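Asks: Predicted model and sequence below, questions to follow.
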Amino acid sequence: MRDALDVAMPMSTARLLRELSEQECRQRNALSRSIPGFALRSGDVGTVLETLGNNEAFLVEFNRNGKAKNGECDWLGVLYPAEIEVMDRQG
């Protein structure tokens, strides 16, 4: 069965404009577990899963190797327009 998100909404990518330290990643991670030592660097590219409001915020996932396996990701959270550049906007 395909994921409903795959069918309902084309996804975009987003480039991080500023670093998120390990501590900030841990605090802002929406996942139940955080990876020890995980931090996001300026320039990292993630996948925009959902746009909130009128482009007021974005639900974005990041993966260490750039690809999720088995539908998992390393970090998931809400980022704001000042923190990311949305690229390849679709839909």
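Replies: Yes, it's here. Numbers count the residues shown, from 1 in each chain.
Asks: Show me the longest strand that occurs in the protein.
Replies: Counting by DSSP state E, the longest strand found in the chain is strand 45-52.
Asks: for it, what is the average pLDDT?
Replies: On average, the pLDDT along strand 45-52 is 95.
Asks: Can you list the strands that that strand pairs with?
Replies: Paired with strand 45-52 in the same sheet, following DSSP bridges, are strand 12-16 (antiparallel), strand 57-62 (antiparallel).
Asks: Would you convert those into JSON lines that also reports distance to L40 and mean neighbour count?
Replies: All C-beta atoms are positioned from the backbone trio N, CA, C, and that covers glycine. Supplementary listing: those in JSON lines, determined by distance: least, CB to CB, whole Å; neighbours: other CB atoms under 10 Å:
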{"stretch": "strand 12-16", "distance to L40": "6", "mean neighbour count": "18"}
{"stretch": "strand 57-62", "distance to L40": "6", "mean neighbour count": "20"}
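Asks: among the ones you listed, which is nearest E22?
Replies: Closest approach to E22 among the strands paired with strand 45-52 is made by strand 57-62 (13.3 Å; CB to CB).
Asks: thinking again about what came up before, can you give me how far the longest strand of the chain is from the chain middle?
Replies: 5 Å (CA atoms, centre = their mean, to the nearest Å).
Asks: Please apply the same query to stretch 13-31.
Replies: 8 Å.
Asks: L31 and F38, how far apart?
Replies: 10 Å (CB to CB, to the nearest Å).
Asks: Spit out the residues that contact those two alike.
Replies: W75 (CB atoms under 8 Å, 6 or more residues apart in numbering).
Asks: who's in contact with D88?
Replies: 12-13.
Asks: Turn the strands paired with strand 45-52 into JSON lines, columns for mean pLDDT and distance to D88.
Replies: Listed next are those as JSON lines, based on pLDDT from 0 to 100; distance: least, CB to CB, whole Å:
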{"stretch": "strand 12-16", "mean pLDDT": "95", "distance to D88": "5"}
{"stretch": "strand 57-62", "mean pLDDT": "97", "distance to D88": "13"}
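Asks: can you pull the buried residues of the longest strand of the chain?
Replies: 45-48, 51 (16 or more other CB atoms under 10 Å).
Asks: Pipe the strands paired with strand 45-52 into TSV and attach distance to E83 per row.
Replies: Shown next, in TSV, are the strands paired with strand 45-52 (distance: least, CB to CB, whole Å):
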stretch	distance to E83
strand 12-16	7
strand 57-62	9
